[in-house]
Structures are given as structure tokens and as C-alpha cells.
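K.L.:
here are the coordinates; sequence isn't available:
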């Protein structure tokens, strides 16, 4: 009986310790990626924000606006309130200057990272409706926003390098 109680206590403590672990780790991962995205936003000169690799492909400014829009979208799916004055329908067209993009980029990452951190474990399996096909949960939304930021960080690194801009974190390597 004593062994059974010891095992039960150990399992209970392990479970209690892991509460919110997924949220902590994904918020940490997104925080790391967002740092790189924002550093690159500062490293790219304002006159390059209108640059695109070819016609019909997003400009630097449009990629950043897309990231911001996605951050707000996923944060809202996790229960966060989109800040006053943000117009999701026109966000990608409204954000044009480097300064405006930098401000909104930080605000959008702060919102989505906080939404991830405050998502209760019990709501992770809750269904979330997206405007694209598939079945998704709150956990899916968290994983998608992390993957999304990584995807566009890679795109922005390529854009920067095509313009002979070295990402700040790899300058001395």
C-alpha cells in the first residue's frame, strides 16, 4: 500500500509540474523567432520595404504586415482581444512605413505570446474554426502560429540576403 501511495504521489506531482508546459515552451519558441523577425525588420532599410523579388510576390512590408495579421488572427482564436483601431480587413494595405510596421509587429507578437501563455491546459483540445479546410484545436492554432513565423522568417532572410543585408544575429559568423 505504501508503494502504491508513493507512486500515486509521484504521478500527481509530475502531472502538476507539467501544467502549462506546452504553452511555456511554445511561447518561448515564438519569443525567440519573433526576436529574429523584429531584428531583421530593424536591419532592413526603410527604402527596401517596397522591394519584392518579382511582380506578384509580396514586398518586404507586405510580408511583415502578413505576419502581424496572422499573429492577431491566431491570438483571437486563443481568446485574445485584437487591439482597438486594428482593422484586420485592411491591415496589409494600411501598414506601409518601417516605423508603423515595427510598432505593430511588436504589439502583435506581445499579444499572441501572451495569448499562448494564458491558454489553459483544459482548452488545448477545444475546436477552433479557421477559414481554411481541416479540423483544428487551440493546440493547432499555437503550433501553426509558431510554424508560420518560422516560415516567414526564412522568407525575410532570403529577401534580406538578396539585398545584401546580413541578418544581425549572423554578422560575426
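P.N.:
Alright, I've got the coordinates. Here the structure is a predicted model, which means the values were calculated and not measured.
K.L.:
what's in contact with the longest helix seen in the chain?
P.N.:
Assignment by DSSP state H gives helix 138-162 as the longest helix of the chain. Helix 138-162 is contacted from outside by 22-23, 26, 29-30, 33-34, 36-37, 40, 43-44, 51, 53, 60, 63-64, 66-67, 70-71, 74, 77-78, 112, 116, 119, 123-126, 128, 130, 136, 166-167, using Cβ atoms under 8 Å, 6 or more residues apart in numbering. C-beta coordinates here come from the backbone N, C-alpha and C atoms, glycine included.
K.L.:
average model confidence for that helix?
P.N.:
With pLDDT averaged residue by residue, helix 138-162 scores 98.
K.L.:
Show me which positions of that helix end up buried.
P.N.:
Buried positions in helix 138-162, judged by neighbour count with 16 or more other Cβ atoms under 10 Å: 138-146, 148-150, 152-153, 155-157, 159-160.
K.L.:
before we move on, back to that, next, check the contacts of helix 138-162 against the strands and list the overlap.
P.N.:
Among those, the members falling in strands (DSSP state E) are 128, 136.
K.L.:
Please pick the buried ones from the contacts of helix 138-162.
P.N.:
Buried residues within the contacts of helix 138-162, counting neighbours by 16+ other Cβ under 10 Å: 22-23, 26, 29-30, 33-34, 36-37, 40, 43-44, 60, 63-64, 66-67, 70-71, 74, 77-78, 112, 116, 119, 126, 128, 136, 167.
K.L.:
Residue 58 should be in a helix, yeah?
P.N.:
No: per DSSP: H, G, I helix; E, B strand; the rest coil, residue 58 lies outside any helix segment and is coil.
K.L.:
Number of residues surrounding it?
P.N.:
Using other Cβ atoms under 10 Å, the number of residues around residue 58 comes to 16.
K.L.:
how about it, what does it touch?
P.N.:
52, 66.
K.L.:
likewise residue 66?
P.N.:
Contacts of residue 66 (Cβ under 8 Å, 6+ apart): 58, 92, 152.
K.L.:
per-residue confidence for residue 3?
P.N.:
61.
K.L.:
can you list the weak-confidence ranges in the chain?
P.N.:
By pLDDT under 70, the low-scoring segments of the chain are 1-18, 173.
K.L.:
Please enumerate the helices of the protein.
P.N.:
Under DSSP H, the chain gives helices at 2-18, 21-43, 60-77, 91-94, 98-117, 138-162.
K.L.:
will you turn the ones you listed into TSV that also has distance to residue 83?
P.N.:
Below are the helices of the chain laid out as TSV (distance: least, Cβ to Cβ, whole Å):
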stretch	distance to residue 83
helix 2-18	32
helix 21-43	17
helix 60-77	8
helix 91-94	11
helix 98-117	6
helix 138-162	17
